[in-house]
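**Q** Sequence and predicted structure, then a few things I'm wondering about:
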Amino acid sequence: MTYIILVPVMKIFCVGIGGIGLSGVARILKSQGHDVSGVDASPSSLTKSLEENGIQVCSTHQAANIDETYDLIIYSEAVPETNAERIRAKELGIRQINYAKALAMLSEGKKTIAITGTHGKTTVTGMLTSILLQAAADPTIIIGSKVDLLDGQNFRIGEGELLLCEACEYRDNFLELTPDIVLINNLDPDHLDYFGTAEKYYESFQKLAEKIPESGTLILFKEDLQKLDLSNVRATTKILNHSDKPYRLQVPGKHNQQNAYASEEVAKALGINHSAIELGLRAFRGTWRRFEYKGSINKAKIYDDYGHHPTEIKATIQAAREWFPEKKLIVVFQPHQYSRTHQLFDEFTKCFTGADEVWITDIYKARDTQEDIQKVSAEKLVTAIGSQAHYTPFGVLHEQLQSAANERMVFLIMGAGNINGVFQHLVFDPREN
């Protein structure tokens with residue numbers, strides 16, 4: 001597939017610019033000399049950072065944001081065709097591409113490393129970021145989170161040949177890429193609102209594997225082999241068994257030990273030496289909203305985590321238990337999508353084992369139909385989980401947490417919706433020196 005070449009200077013408008021992926025692409029395009037602006041109805045730390053870097057961000061979707069002077073519209077997958085800016089751009093004949101196509105366009109001429117799989121994409125991409133920086137590889141990086149090693153940004157512009165990116169499977173987006181190295185970190189059915197079945201979900205990863213050139217490398221774990229037909233894959237395929245090798249990390253959990261193992265194998269495929277791998281893994285301190293420590297309230301430690309799939313929740317709870325075996329662990333969870341909650345309902349009822357209490361708040365609506373909404377509720381999930389769970393309305397979460405917290409507790413606040421907005425209303429203890 002051929003994409004337009006971004007010759008200086010283009011005037012580009014990004015719809016949904018506050019998204020974690022599109023914000024990074026916008027920053028890279030701005031650095032290349034393009035005139036970039038955008039819109040996002042949800043102001044955030046990302047939109048604030050964009051504005052601080054000279055990218056104008058509108059806060060209201062309206063047709064008036066677009067005029068005939070724009071050369072290109074890039075839109076987030078969360079933005080429908082009925083969006084006011086997209087409709088106006090179509091009327092004016094302005095070319096439109098989604099985030100995935102824009103990422104593919106930026107990857108042209110680079111040796112592309114795509115990190116994918118159902119879980120751990122961001123963490124593995126973050127670990128590899130640390131390794132590549134230790135190896136002085138000078139990579140370009142686009143990651144689905146803010147990272148301390150990138151000065152709190154979600155991107156890096158490098159002069160080297162490598163482009164490292166987190167590759168999302170939703171709506172087959174990663175099939176826009178033509179990667180040289182692919183890591184499939186794990187496979188669990190997800191995004192069934194789009195794929196419909198587990199088989200269709202796995203088929204998307206299979207198609208990605210088939211796009212790797214003969215000179216490239218596919219890396220995946222043995223347990224996922226049976227889910228894919230690799231007979232048409234031309235690349236060298238490396239099969240990983242789960243490793244018992246202990247890695248010295250600053251992030252907890254057995255799942256992060258496996259993430260480190262996968263990162264090491266990708267780094268080896270790039271020819272990076274052992275010393276840089278070891279130092280890079282040791283230097284990695286985690287990413288935004290991945291078991292991120294936010295502070296303490298009445299001496300109770302508060303953590304924020306993006307996990308929203310049962311497998312992710314279970315692994316993160318296990319990691320929290322490893323760090324705080326003597327504390328009362330309270331998980332505050334916002335289910336993400338009615339459709340996902342319904343389709344994975346049984347798994348959700350079992351994934352909170354290890355938590356002393358589970359506070360379930362209102363389900364975050366995203367791409368859900370009225371039929372989806374009628375099938376499941378937060379209260380239904382609470383009943384199925386059992387006595388350790390109770391329902392807490394979203395609007396009073398901060399009050400409940402503030403009043404309940406004490407030094408015997410650890411709170412793990414989880415979800416991919418807007419639950420991290422609760423931190424705006426919490427009053428934390430003074431930071432320790």
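**A** Sure thing, it's come through. For clarity, every value in this text was computed on a predicted model and none was experimentally measured.
**Q** C-alpha only now, for contacts and for neighbours.
**A** Will do.
**Q** what's the span of stretch 149-160, first residue to last?
**A** One end of stretch 149-160 sits 18 Å from the other (CA to CA, to the nearest Å).
**Q** Enumerate the positions of it that are buried.
**A** With burial defined by 16 or more other CA atoms under 10 Å, the residues of stretch 149-160 counted as buried are L149, Q153, N154, F155, R156.
**Q** taking those one by one, which sit in strands?
**A** Residues of the buried residues of stretch 149-160 located in strands (DSSP state E): Q153, N154, F155, R156.
**Q** Specify the residue ranges that define each domain of this protein.
**A** 11-99, 109-283, 292-425 (automatic domain parsing).
**Q** Could you pull up the mean pLDDT of the longest strand along the chain?
**A** Identified as the longest strand of the chain according to DSSP E is strand 140-147. Averaged over strand 140-147, pLDDT sits at 88.
**Q** ok so, going back, tell me which of the domains of the chain sits nearest to R431.
**A** domain 292-425 (7.0 Å; CA to CA).
**Q** Would you mind putting the domains of the chain into a markdown table with distance to R431 alongside?
**A** Listed next are those as a markdown table, based on distance: least, CA to CA, whole Å:
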| stretch | distance to R431 |
| --- | --- |
| domain 11-99 | 21 |
| domain 109-283 | 18 |
| domain 292-425 | 7 |
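**Q** related to what we said a few turns ago, now the buried residues of stretch 149-160 in a markdown table, with distance to A366?
**A** Converted to a markdown table, the buried residues of stretch 149-160 look like this (distance: CA to CA, whole Å):
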| residue | distance to A366 |
| --- | --- |
| L149 | 31 |
| Q153 | 26 |
| N154 | 23 |
| F155 | 26 |
| R156 | 29 |
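**Q** rewinding a little: and the ones in strands among the buried residues of stretch 149-160, which is closest to E68?
**A** Using CA to CA, those come closest to E68 at F155, 29.8 Å.
**Q** hang on, isn't the closest one packed against G24?
**A** Yes: F155 is within contact range of G24, at 5.3 Å (criterion: CA atoms under 8 Å).
**Q** shared neighbours, these two?
**A** Contact criterion CA atoms under 8 Å, 6 or more residues apart in numbering; residues shared by F155 and G24: I142, I143.
**Q** Check the gap between the residue nearest to the spatial centre of the chain and G16 for me.
**A** Centroid check for the chain by CA atoms, centre = their mean gives G144 as the closest residue, at 4.3 Å. For G144, the distance to G16 equals 15 Å [CA to CA].
**Q** Please tell me how far L29 sits from S23.
**A** Taken as CA to CA, the span from L29 to S23 is 10 Å.
**Q** Next: K375.
**A** As for K375, its distance to S23 is 34 Å (criterion: CA to CA).
**Q** Compare these two (neighbour count), which wins?
**A** S23 (26 against 13; other CA atoms under 10 Å).
**Q** which ones are touching the more buried one?
**A** I17, L46, T47, L50.
**Q** tell me which element it falls in.
**A** helix 20-31 (DSSP states H and E).
**Q** now S42
**A** Using DSSP H and E, S42 falls outside every helix and strand.
**Q** burial measure for it, as a count.
**A** 15.
**Q** you'd agree it is up against G18?
**A** Yes: the criterion here is CA under 8 Å, and S42 meets it with G18 at 7.4 Å.
**Q** Any figure for the gap between T353 and N256?
**A** 19 Å.
**Q** Give the residue from those two that has the larger number of neighbours.
**A** Neighbour count, other CA under 10 Å: between T353 and N256, N256 has more, with 22 against 15.
**Q** So the more buried one: helix, strand or coil?
**A** What DSSP: H, G, I helix; E, B strand; the rest coil gives for N256 is helix.
**Q** cool, and A366?
**A** Assignment for A366 (three-state DSSP): coil.
**Q** One more: V396?
**A** Under three-state DSSP, V396 comes out as helix.
**Q** give me the number of residues near it?
**A** When neighbours are counted by other CA under 10 Å, V396 comes out with 12.
**Q** for it, what are its contacts?
**A** Contacts of V396 were listed using CA under 8 Å, 6+ apart, and none were found.
**Q** so how far is D362 from it?
**A** As for V396, its distance to D362 is 11 Å (criterion: CA to CA).
**Q** wait, the residue nearest to the centre of the chain sits on G19?
**A** No: the pair G144 and G19 does not pass the contact test of CA under 8 Å, sitting 9.0 Å apart.
**Q** Now do the same contact list for the spatially closest residue to F345 that is not a sequence neighbour.
**A** Excluding the flanking residues, the one nearest F345 by CA to CA, 6 or more residues apart in numbering is L381, at 7.5 Å. Each residue near L381 by CA under 8 Å, 6+ apart is listed here: F345, F348, T349, I360.
**Q** pretty sure L381 belongs to a helix, no?
**A** Yes: counting by three-state DSSP, L381 is part of a helix.
**Q** could I get the helix or strand where K268 lies in PDB with only the CA atoms?
**A** Under the criterion of DSSP H and E, K268 resides in helix 254-269. What follows is helix 254-269 as a C-alpha-only set of coordinates in PDB (Å, rounded to 0.1, in the frame of the first residue of the first chain):
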ATOM      1  CA  LYS A 254       5.800 -12.500  37.300                       C
ATOM      2  CA  HIS A 255       4.200 -11.100  34.200                       C
ATOM      3  CA  ASN A 256       6.900  -8.400  34.000                       C
ATOM      4  CA  GLN A 257       9.600 -11.000  34.300                       C
ATOM      5  CA  GLN A 258       8.100 -12.600  31.200                       C
ATOM      6  CA  ASN A 259       7.900  -9.100  29.500                       C
ATOM      7  CA  ALA A 260      11.600  -8.700  30.300                       C
ATOM      8  CA  TYR A 261      12.300 -12.100  28.700                       C
ATOM      9  CA  ALA A 262      10.400 -11.100  25.600                       C
ATOM     10  CA  SER A 263      12.200  -7.800  25.400                       C
ATOM     11  CA  GLU A 264      15.600  -9.500  25.700                       C
ATOM     12  CA  GLU A 265      14.800 -11.800  22.800                       C
ATOM     13  CA  VAL A 266      13.700  -8.800  20.600                       C
ATOM     14  CA  ALA A 267      16.900  -7.000  21.500                       C
ATOM     15  CA  LYS A 268      19.000 -10.100  20.600                       C
ATOM     16  CA  ALA A 269      17.300 -10.200  17.200                       C
END
